[in-house]
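**Q** Have a look; sequence and predicted model below, questions after that.
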Amino acid sequence: MKSTIALFLTLATAALAGPVPLFNGKDLAGWTADVPEADQKPDLAPSFVVRDGLLVSLGKPLGHLVTDKEYANYRLVVEYRFPGKGGNCGVLVHASKPRALYDMFPQSIEVQMMSGQAGDFWCIQENIEVPDMEKRRPATEGQKFGGDLKDARRILNLTDDSEKPLGEWNTMVITCKGDTIAVEVNGTEVNSGSKATATKGKIALQAEGTEVEFRKVELEPLK
């Protein structure tokens, strides 16, 4: 009996250590939409839907789809494409306080998915540091490096050449370990930073004006 229990616990632990799909291909279970415009318009059309087995951000109304659970120390794999025109979207990690910026964006660190700029960091009431900060973090006179409204919040990626043509599937891998975040796009590391001011939180996908399809959102816990 004890050996049977021990085997069960071993298998259960191994299963928990493997990849966990955050999108089940059927519905938005495990996620909650935060769309400010819906506060006054409860019958507003949804910003996020499931269509043909894909999670789709319709782009409008503007908002976020946020996991119900918090996560830390993980490898997140996101497969996405812009089925029509290029545009804006993003994956937010370590998300906490809702609507912390512009009454829209949750406190977080955004990994940019905008076509042509995938892998940029945007600091939203949080911060992260990268090598060559003076070169890669555009700032106007008087700005500081930070996540507040008037700060230099954008951190440029290392290459804009890793994305596939519009309409094709991209794979973005975001590795969050301790206070570090690294980003790969289609097998190329495009950004990495350390000394992040948050090390855990929810994960969010954006509706930011352009339709984007997701066929995989999968998280693998790291030891």
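**A** Here it is on my side, so go on.

**Q** What does residue 197 show for phi and psi?
**A** With angles defined as degrees, to the nearest 10, residue 197 sits at phi -80, psi 0.

**Q** Was I right to think it contacts residue 145?
**A** No. Residue 197 is not in contact with residue 145 according to C-beta atoms under 8 Å; the separation is 11.5 Å. Where C-beta positions appear, they are placed from N, C-alpha and C, glycine not excepted.

**Q** contacting residues for residue 163?
**A** Residue 163 is in contact with 115-116, 118, 170, 185-186, counting by C-beta atoms under 8 Å, 6 or more residues apart in numbering.

**Q** in this structure, which residue is closest to the centre?
**A** residue 91 (1.9 Å; C-alpha atoms, centre = their mean).

**Q** Which residue is the nearest non-sequential neighbour of that one?
**A** Leaving aside its sequence neighbours, residue 91 sits nearest to residue 111 (C-beta to C-beta, 6 or more residues apart in numbering; 4.8 Å).

**Q** how near is the one you found to residue 176?
**A** Distance, residue 111 to residue 176, by C-beta to C-beta, to the nearest Å: 10 Å.

**Q** likewise residue 97?
**A** For residue 97, the distance to residue 176 (C-beta to C-beta) stands at 18 Å.

**Q** Next: residue 78.
**A** Going from residue 78 to residue 176 by C-beta to C-beta gives 13 Å.

**Q** Contacts only, for residue 109.
**A** By C-beta under 8 Å, 6+ apart, residue 109 lies in contact with 92-94, 121-124, 126, 128, 181, 196, 198.

**Q** Return the closest of these with respect to residue 223.
**A** Ranked by distance to residue 223 (C-beta to C-beta), those are led by residue 181 at 17.4 Å.

**Q** Comparing residue 78 and residue 176, which shows the higher neighbour count?
**A** Using other C-beta atoms under 10 Å as the criterion, residue 78 and residue 176 rank with residue 176 on top: 26 against 23.
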